[in-house]
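J.: Based on what follows, work out the 3D shape:
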Amino acid sequence: MQKVLRKRLLRDLRTNFRRYLALTFLIVLCMYIIISMIAAAETVLTGTERKKALNMVQDGSFSVFLPLTDSEIAELEEDGNTIEPEFSTDIPMNDGSTLRMMKNRQKIDIIQLEDGRQAENFGELVIERRYSEEHDLHVNDVISIAGMNFTICGIGTVPDYDFCVAKASDTSAEGSNFGLMFVTPEQYEKIRSDTVQKAEDYTYAYRLGDCTHEELKSIIKDFDFDYTEVNDKYFRETIDEVLQDKEDFQDGIQELYDGTKELSDGMKELDDNSDTLNFVADKLMKVYLDEAHTELLHQGINETVTEENYTQLLENAGLSEMRETLDTIKEFKDGIHDYTDGVNSAYIGSDELHDGVRELKNETDKRLDDLFTFDLDNLTAFTKASDNPRI
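T.: Numbers count the residues shown, from 1 in each chain. Predicted coordinates:
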């Protein structure tokens with residue numbers, strides 16, 4: 001049986017030799033491709049890590065409204081972290097493109113020169129490689145920037161702008177429209193002081209020591225921050241709008257308070273005169289009652305005339321006109337009393353209203369202080385390198 005199988009196997013191999021040879025070749029080729037890809041990936045990863053270590057690629061970056069103080073930077077570096085300012089200013093070029101000016105890097109995101117050297121003197125700069133290619137710029141070429149002539153002393157790239165875009169949200173890198181330039185710290189400050197440039201972007205790169213990203217972020221957020229020193233236009237507009245809302249609300253409450261006080265004072269003045277009005281009205285009524293009593297005496301009727309009985313007495317005595325006069329005087333007196341009672345009630349109500357508005361004003365002032373207390377920190381952005389599309 002085994003002999004039969006061996007003969008059949010040999011016969012099958014001879015018959016389908018080319019098919020098995022092709023299959024063997026495909027298996028070997030696939031194994032070669034897989035092994036090559038693994039080796040290439042390992043090479044890329046190793047090269048990337050080597051370049052990362054060589055260029056001191058950042059672990060992340062953060063931006064702030066106001067530059068950190070030396071003591072704040074020292075506090076951030078206490079756990080072995082490395083912090084380097086990467087401030088920048090965008091400078092518009094005559095051709096419509098933009099160059100983002102930065103200082104030479106010292107500790108993080110070191111410039112990888114492809115030609116030339118770092119800027120060392122006034123009037124020198126290193127320009128980003130893609131921008132130089134798009135604008136046909138080379139080492140030793142002279143370029144005019146912000147009204148000054150600069151000699152290109154180097155061409156290179158930086159790891160934090162490997163995908164060189166102006167905004168992290170940009171989807172494509174256009175070297176013809178945007179690039180980087182690096183100058184000495186002294187040159188950077190001179191350009192900013194001697195020319196009119198846009199607001200400076202305060203970005204810091206960091207490399208972690210014995211600290212996590214979140215711990216570093218928490219330390220930054222805890223730093224003291226005076227928002228009134230911020231010059232950012234949109235930030236100031238937002239704060240000013242909120243403060244204006246607070247001021248408008250306070251003004252409205254104050255106007256209400258002043259109005260109720262004025263009302264209460266006016267009603268008090270009227271109420272203070274109520275006794276005089278009542279006295280005059282009562283006195284007038286008494287005078288006419290006395291006059292009616294005198295008329296009745298002339299007719300031989302000796303009876304005291306009061307508000308309650310004058311109507312009957314005068315009608316019986318045929319003194320209708322005097323009774324009508326007394327009706328008018330009584331109506332006037334009763335009206336005065338009703339008026340003064342109303343004034344008194346209004347005064348009490350206005351005084352209570354004023355007290356209520358005073359309490360509202362006091363409570364509102366407290367609540368407004370709590371409501372419009374700005375719990376702001378200096379941090380505007382915090383980005384890990386793994387989340388940075390430029391790297």
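
J.: Would you indicate which residues of the helix or strand containing Phe279 are buried?
T.: Element membership for Phe279, per DSSP states H and E: helix 274-298. Judged by neighbour count (16 or more other C-beta atoms under 10 Å), helix 274-298 contains these buried residues: Ser274, Leu277, Asn278, Ala281, Met285, Tyr288, Leu289, Ala292, His293, Glu295, Leu296. For the C-beta atoms, the positions are set from N, CA and C on the backbone; glycine is no exception.

J.: now stretch 102-111
T.: Quick answer for stretch 102-111 (16+ other C-beta under 10 Å): Met102, Lys103, Asn104, Arg105, Ile108, Asp109, Ile110, Ile111.

J.: cool, stretch 303-314 as well?
T.: Val305, Tyr310, Leu313, Leu314.

J.: CA-only coordinates of that stretch, as PDB, when you get a sec.
T.: Output of stretch 303-314 as PDB, limited to C-alpha atoms (Å, rounded to 0.1, in the frame of the first residue of the first chain):
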ATOM      1  CA  GLU A 303     -79.600 121.500  70.600                       C
ATOM      2  CA  THR A 304     -76.000 120.700  69.900                       C
ATOM      3  CA  VAL A 305     -75.400 120.200  66.200                       C
ATOM      4  CA  THR A 306     -73.100 117.300  65.300                       C
ATOM      5  CA  GLU A 307     -72.100 115.500  62.100                       C
ATOM      6  CA  GLU A 308     -74.600 112.700  63.000                       C
ATOM      7  CA  ASN A 309     -77.700 114.900  63.600                       C
ATOM      8  CA  TYR A 310     -77.300 118.100  61.500                       C
ATOM      9  CA  THR A 311     -79.200 116.700  58.600                       C
ATOM     10  CA  GLN A 312     -82.400 116.100  60.600                       C
ATOM     11  CA  LEU A 313     -82.200 119.200  62.700                       C
ATOM     12  CA  LEU A 314     -81.600 121.600  59.700                       C
END
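
J.: residues making contact with it?
T.: Residues outside stretch 303-314 that contact it (C-beta atoms under 8 Å, 6 or more residues apart in numbering): 285, 289-290, 292-293, 296, 301, 320, 322-323, 326-327, 330.

J.: Closest one to Asp170 out of the buried residues of stretch 102-111, please.
T.: Met102 (18.0 Å; C-beta to C-beta).

J.: show me what contacts that closest one?
T.: Counted by C-beta under 8 Å, 6+ apart, Met102 has contacts Glu86, Phe87, Ser88, Leu180, Met181, Phe182, Val183, Tyr188.

J.: How is it classified with respect to secondary structure?
T.: strand (DSSP: H, G, I helix; E, B strand; the rest coil).

J.: Distance from the chain centre to stretch 296-307, please.
T.: Relative to the centre of its chain, stretch 296-307 is centred 88 Å away, using C-alpha atoms, centre = their mean, to the nearest Å.

J.: Share the number of residues neighbouring Ala166, please.
T.: A count of neighbours around Ala166, defined by other C-beta atoms under 10 Å, yields 15.
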